[in-house]
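Engineer: Predicted structure and sequence below. I'll ask about it afterward.
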Amino acid sequence: LTKTPKRSMSIRLMKGGSHKFISWIYKIVLKRSKTIAVISFIMFAIVTVGLFKIDYNVSILDDLRPSNQIYKDIKAVEGNMGGVFPIEIMIEYDSPIIPLGKDGSLGKEPLNPLVLKESRGHLSDIARFKKAVSNIEKISGVVTFTDYLSLYLNRMSGVLQEENNTSSDIFDFTFSDEDLPENDAEFVNIFNPDSKFIKSALATISNDFKTIRVSGRMENVKADQAKKIKDEIKKISEEVFESKTKSVDITGSTFLALKTADHLVFNLTNSFALAFVIIFISMVVLFRSFRLSLISVLPNIIPLMLAAAVMGFQDIKLRPTTAMTFAIALGIAVDDTIHFLARFRQEYSRTNNINKSIKNTLFTTGKAIISTTMVLSLGFAVLYFSELMPNHEFGILATIILIAALFGSILLLPALLVLFKPKINIGKE
């Protein structure tokens, strides 16, 4: 169906550019095996320094480039109107902050002055807590139940209708104990479940009056700063409420996203370490040589550590996507190593000579490893142009790991085989 290829085409295929490159690699391996090993160990030491410079301190907007329009818009809003990311604080009491009857109603039983005094104190505490949280840097637009209550009380007292009030008085609805009715019956009646006020304020208080919601907005912050803000809010709650509350829970999209990212990175790191151990054990079983498997580990570790060093020196954050890069690239790098050693083992069973086996392996499997690595690297390199930072960084790291793994498989691994000459267990034919 097709013509037989010309001899010149076959020779070019067999002895083209990759053939010359492999020939050069083979000469270097035989003549400079010690130099290659020493350079590799020096590189291992250098990348270890970069490994400890990896930054885990990420923020939500780190996933976007500064040139991205969404990034610009969020920064513009933060600069002019405060934060855009929600923060929620739930204050839970053991009992209702407003005294309820046994049937859950108001005003049908004699009022206990001590209980009512305690209720007034709870409202004052909530207002103090809200004010303290509002003063935290990076937090703005804090709203809670006492703000609705203050607005209602000021409206009832006619503040909005008084013509002599200045503009600052009209719009100052800071809650004050003095605004509450002195009459206990009037005080309790404010919180009637059927009143329009309570219905409008249900977004900030539960039906049973046991849970208070404090809502606000927070600017984009790093993980470390978010943790400090959370700790500061906890400290404020302890100082204001002391032991009067059952719990104070702090959440929001920023805390949730950063906590999720931290959890994913932790699990991916553990999974990566476990996968590495399993792969090593599998290679020991496959090649029946602990020394050969140990030699094969270094060409797989250095590419990963090199990528980690690039992250450390170039300030690429460790997030789920970058952590996942190592797991994917490890599989591809180990695949190259297994292909090389499997072919090497076959050649050694035929020649019983390490140098000849390395040469035959390089000129067969070595060419295939080069071709597949180039194709995969170009595929991952396309992600470099992505506007989404995780994809952009994934492309950079994956390409670095694959190219480094290529030289580890066809340069460092053969050099270590020549240098240490491990015992090769061939087994029965």
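Structural biologist: Cool, got the structure.

Engineer: Please make it C-alpha for all contacts and neighbour counts, starting now.
Structural biologist: Will do.

Engineer: Surely residue 308 touches residue 50?
Structural biologist: Yes - when contacts are counted by C-alpha atoms under 8 Å, residue 308 is listed as touching residue 50 (6.9 Å).

Engineer: If you count surrounding residues, which of those two has more?
Structural biologist: Per other C-alpha atoms under 10 Å, whichever of residue 308 and residue 50 has more neighbours is residue 308, with 27 against 19.

Engineer: Mean confidence (pLDDT) on the helix or strand the more buried one falls within, please.
Structural biologist: Counting by DSSP states H and E, the element that carries residue 308 is helix 290-313. Mean pLDDT, computed over helix 290-313, is 83.

Engineer: same question, stretch 407-425
Structural biologist: For stretch 407-425, the per-residue pLDDT averages 85.

Engineer: Show me what counts as buried in that stretch.
Structural biologist: Judged by neighbour count using 16 or more other C-alpha atoms under 10 Å, the buried positions of stretch 407-425 are 407-418, 422, 424.

Engineer: How far does that stretch sit from its chain's centre?
Structural biologist: Taking C-alpha atoms, centre = their mean, to the nearest Å, one finds stretch 407-425 lying 37 Å from the centre of the chain it belongs to.

Engineer: Identify the residues contacting it?
Structural biologist: The contact list for stretch 407-425 (C-alpha atoms under 8 Å, 6 or more residues apart in numbering) reads 25, 29-30, 32-34, 36-37, 40, 287-289, 291-292, 295-296, 299-300, 302-303, 336-337, 340, 345, 348, 354-355, 358, 362, 366.

Engineer: Drop the exposed ones from those residues and show what's left.
Structural biologist: The neighbour-count criterion (16+ other C-alpha under 10 Å) marks 25, 29-30, 33, 36-37, 40, 287-289, 292, 295-296, 299-300, 302-303, 336-337, 340, 345, 348, 354-355, 358, 362, 366 among these as buried.

Engineer: Next one, pLDDT for residue 105 please.
Structural biologist: Note for residue 105: predicted pLDDT of 53.

Engineer: what's the answer for residue 236, then?
Structural biologist: The per-residue pLDDT of residue 236 was computed as 94.

Engineer: Count the neighbours of it for me.
Structural biologist: Using other C-alpha under 10 Å: residue 236 sits among 17 other residues.

Engineer: Please verify my assumption that it contacts residue 132.
Structural biologist: Yes - if you go by C-alpha under 8 Å, residue 236 and residue 132 touch, sitting 7.1 Å apart.

Engineer: C-terminal to the helix or strand where residue 359 lies, what's the next element?
Structural biologist: Counting by DSSP H and E, the element that carries residue 359 is helix 354-361. Proceeding C-terminally, helix 354-361 gives way to helix 367-381 as the next helix or strand, assigned by DSSP H and E.

Engineer: Could I get the CA-only coordinates of the helix or strand that comes right after that next one as CSV?
Structural biologist: Secondary structure here is assigned by DSSP H and E; on that basis, the next helix or strand after helix 367-381 toward the C-terminus is helix 389-407. Once side chains and other backbone atoms are set aside, the C-alpha atoms of helix 389-407 remain, and they are given as CSV (Å, rounded to 0.1, in the frame of the first residue of the first chain):
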residue,chain,number,x,y,z
MET,A,389,-2.2,31.7,38.4
PRO,A,390,-2.6,28.1,39.5
ASN,A,391,-2.6,26.9,35.9
HIS,A,392,0.3,29.3,35.0
GLU,A,393,2.4,28.0,37.9
PHE,A,394,1.4,24.4,37.2
GLY,A,395,2.7,24.7,33.6
ILE,A,396,6.1,26.2,34.8
LEU,A,397,6.7,23.6,37.5
ALA,A,398,5.5,20.6,35.4
THR,A,399,7.8,21.6,32.6
ILE,A,400,10.8,22.0,34.9
ILE,A,401,10.2,18.7,36.6
LEU,A,402,9.8,16.8,33.3
ILE,A,403,13.0,18.2,31.7
ALA,A,404,15.0,17.7,34.9
ALA,A,405,13.6,14.1,35.1
LEU,A,406,14.7,13.5,31.5
PHE,A,407,18.3,14.4,32.3
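
Engineer: Give me the below-cutoff pLDDT ranges for the stretch 1-150 of the chain.
Structural biologist: Along the stretch 1-150 of the chain, the parts satisfying pLDDT under 70 run over 1-2, 7-17, 100-112.
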